[in-house]
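>>> Just a sequence and a predicted model for now, questions to come.
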Amino acid sequence: MKAVEIRGLSYTYPDGTAALKDINMDILPHKRTVILGANGSGKTTLIYHLNGIFLPQEGRVSIGGLPVEKKNLEEIRRRLGLLFDNPDNQLFSTTAYNDIAFGPRNLKLKEEEVEARVLRVLKNIGIKDLKDRPPYNLSLGQKKKVAIAGLLAMEPEILVCDEPFSGLDPRSGGQLMEIINNLNSRGTTLVIITHDVNMAYAWAEQVIIMKEGKILVEGDSSLLRDEDLMKEASLETPLLADVFQGTGLYPRTAREASRLIQMGIKEA
Ligand SMILES: Nc1ncnc2c1ncn2[C@@H]1O[C@H](COP(=O)(O)OP(=O)(O)OP(=O)(O)O)[C@@H](O)[C@H]1O
Ligand SMILES: [Mg+2]
């Protein structure tokens, strides 16, 4: 069963902007997928279709085999959590605690279970100190952490994040990455939209590149080494691909690169 299946999806905004044009896409369970593409290529519009914020005008979308339709939205939103690019669209309670508790309360869990879940994610994300703060007073990075905590408290099978690292300081970004990787190692399917090709190169098992409302190409992260393709998508090639170009070596992380360089130095 595919985690996400999209067939023939098109979407035009009321002002006539054709944002998605005949999208076909599969995401397999437990995979780490990155969606890349220049500004305005349709990434955010696409993921709004994954949990029914937008319903297909044309084509179909299903999550774990269940069609994204009005009557299925409750179950769809239980399965798939969506982190918006702007956390202000996600936070609306008077305290961070209540924001994080909102989803689990909607699941009609007992209040003790709600509390246990909220306290667990506050601890895991390292934001216990924000528990009683009103979200609208928080910094951008703090808001993002509260928003993601709210999603994690729902324990979704699939987590989709729209530019989760933008606006986070490097340390917070690293912590968020660790949280995300922990989820993945426990089986959560992950889809991340990012402009960071270096992160995509190091992390993704599946890469989807969008251009002008279409999927330009889909494959593994070796696609990102293709200079012509990246130029066509208005993207840069990853730094490590540039540095090791022509060597026949393909390290994807600084650690792998360092190991290869040290082996080379020893041989010389
Ligand atoms: N509410 C809207 N009304 C009209 N057009 C819109 C609306 N929202 C987005 N668009 C247009 O739809 C297209 C796709 O936008 P979208 O936000 O999906 O792109 P994106 O790939 O997420 O870009 P970014 O990297 O800048 O976040 C763009 O041409 C954009 O101008
Ligand atoms: Mg966007």
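Looks like it came in fine. Not measured: the values here are computed from a predicted model. Residues are numbered from 1 along each chain as shown. Ligands and ions are numbered 1, 2, ... in the order given.
>>> Now do the contacts for T253.
Listed by CB atoms under 8 Å, 6 or more residues apart in numbering, the contact set of T253 reads A202, L240. (Glycine included, C-beta is placed from N, CA and C.)
>>> What of L55?
L55 touches H49, V68, E69, K70, counting by CB under 8 Å, 6+ apart.
>>> Over to D22?
D22 is in contact with G8, L9, S10, G59, K214, counting by CB under 8 Å, 6+ apart.
>>> Check K143 too.
K143 touches P87, D88, L91, P135, counting by CB under 8 Å, 6+ apart.
>>> ditto for A233
Here A233 is in contact with L36, G37, A38, I209, M210, K211, L216, V217 (CB under 8 Å, 6+ apart).
>>> The nearest residue to it once chain neighbours are set aside - how many residues pack around it?
Sequence neighbours aside, I209 is the residue nearest to A233 in space, at 4.9 Å (criterion: CB to CB, 6 or more residues apart in numbering). Per other CB atoms under 10 Å, the neighbour tally for I209 reads 27.
>>> three-state assignment of I209?
Per DSSP: H, G, I helix; E, B strand; the rest coil, the local secondary structure of I209 is strand.
>>> Show me what it is bridged to.
I209 has these beta-bridge partners by DSSP bridges: L36, V217.
>>> hang on, it packs against D220?
No - contact criterion CB atoms under 8 Å: I209 and D220 do not qualify, at 12.0 Å.
>>> How about stretch 59-73, which residues are buried there?
Neighbour counts over stretch 59-73 (16 or more other CB atoms under 10 Å) mark G59, V61, S62, I63, G64, V68 as buried.
>>> Can you tell me which of the residues you listed end up in strands?
G59, V61, S62, I63 (DSSP state E).
>>> Pick out whichever of those sits closest to ligand 1.
V61 (15.1 Å; CB to the nearest ligand atom).
>>> correct me, but the closest one touches V4?
Yes - between V61 and V4 a contact is recorded at 7.5 Å, counting by CB under 8 Å.
>>> joint contacts of the two?
Taking CB under 8 Å, 6+ apart as the contact rule, V61 and V4 both touch L50.
>>> picking up where we left off before, quick one: which of the contacts of L55 is nearest to ligand 1?
Ranked by distance to ligand 1 (CB to the nearest ligand atom), the contacts of L55 are led by H49 at 10.4 Å.
>>> what's around the closest one, how many residues?
H49: 22 neighbours (other CB under 10 Å).
>>> residues in contact with it?
H49 neighbours (CB under 8 Å, 6+ apart): I6, L9, Y11, L20, L55, P56, V61, V68.
>>> how close does it sit to L20?
Note on H49: its distance to L20, by CB to CB, to the nearest Å, is 8 Å.
>>> Find the residues that touch each one of those two.
With CB under 8 Å, 6+ apart as the test, H49 and L20 both reach L9, Y11.
>>> Give me the buried positions along the helix or strand hosting V114.
Take DSSP states H and E as the rule and V114 turns out to sit in helix 111-125. For helix 111-125, the neighbour count (16+ other CB under 10 Å) marks V114, R117, V118, V121, L122, N124, I125 as buried.
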